[in-house]
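Student: Test case, fold it:
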Amino acid sequence: MKVTDLLTEAKTTYWGYHLILDCSGVNENISDKSQIQKMIKALVKRIKMKAVGEPIIKFLKEGDPHLQGYSCIQLIETSSITMHLNDAPESSAYIDIFSCKDFNPNDAIDVVNEYFEPKKIKQKFIHRQA
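Tutor: Reported below is the predicted structural model:
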């Protein structure tokens, strides 16, 4: 089943929607705080969410090339967007979007492609229901 088919099913059946993206071979924007902030703002707008405050963007594990990179969180009225970006040596991005308001996962993927240009994206779209 395609992600868009799952979204159609989700609109009437589930409480929450969770998009998980594992991206490899991303570009240098994952090491640029201003580009990351622009990407988050574009993502929020494209998936039609409302940001709560500014995104938190912190560089973590400096000096450990297997773990260092930016971690980010953007609260949205309906939950959150989180990102963990590894800039060296793997150049990867791990992005989670969770919301009780439905959204089109393809719109999110378009923004990731536009800003981070990953060579490969593994994606999973989960319907949340307690």
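Student: Now Met83. Its backbone dihedrals?
Tutor: phi -140, psi 140 (degrees, to the nearest 10).
Student: Could you find the closest non-adjacent residue to it?
Tutor: Of all residues not flanking Met83 in the chain, Cys72 sits nearest, at 4.4 Å (CB to CB, 6 or more residues apart in numbering). All C-beta spots, glycine's among them, are computed from the backbone N, C-alpha and C.
Student: Could you give the average pLDDT over the helix or strand encompassing that neighbour?
Tutor: Assessed by DSSP states H and E, Cys72 sits inside strand 69-76. For strand 69-76, the mean per-residue pLDDT is 97.
Student: Tell me where the protein has strands.
Tutor: Listed in chain order, the strands of the chain (DSSP state E) span residues 16-24, 56-60, 69-76, 79-86, 92-99, 120-128.
Student: ok, Thr13 - contacts?
Tutor: His127, Gln129 (CB atoms under 8 Å, 6 or more residues apart in numbering).
Student: coming back round to it: against Ile97, how distant is the residue nearest to Met83?
Tutor: According to CB to CB, to the nearest Å, Cys72 and Ile97 sit 12 Å apart.
Student: hang on, the earlier thing: which strands or helices does the strand holding Cys72 pack on?
Tutor: helix 33-46, strand 56-60, strand 79-86 (3 or more CB pairs under 8 Å, 6 or more residues apart in numbering; DSSP states H and E).
Student: out of those, nearest to Asn27?
Tutor: Minimum separation from Asn27 across the helices and strands packed on strand 69-76 (CB to CB) falls at helix 33-46, 9.1 Å.
Student: Surely Gln74 touches Val44?
Tutor: Yes. When contacts are counted by CB atoms under 8 Å, Gln74 is listed as touching Val44 (6.4 Å).
Student: what's around Ser91, how many residues?
Tutor: Around Ser91 there are 20 other residues, counting by other CB atoms under 10 Å.
Student: Cool, thanks, signing off.
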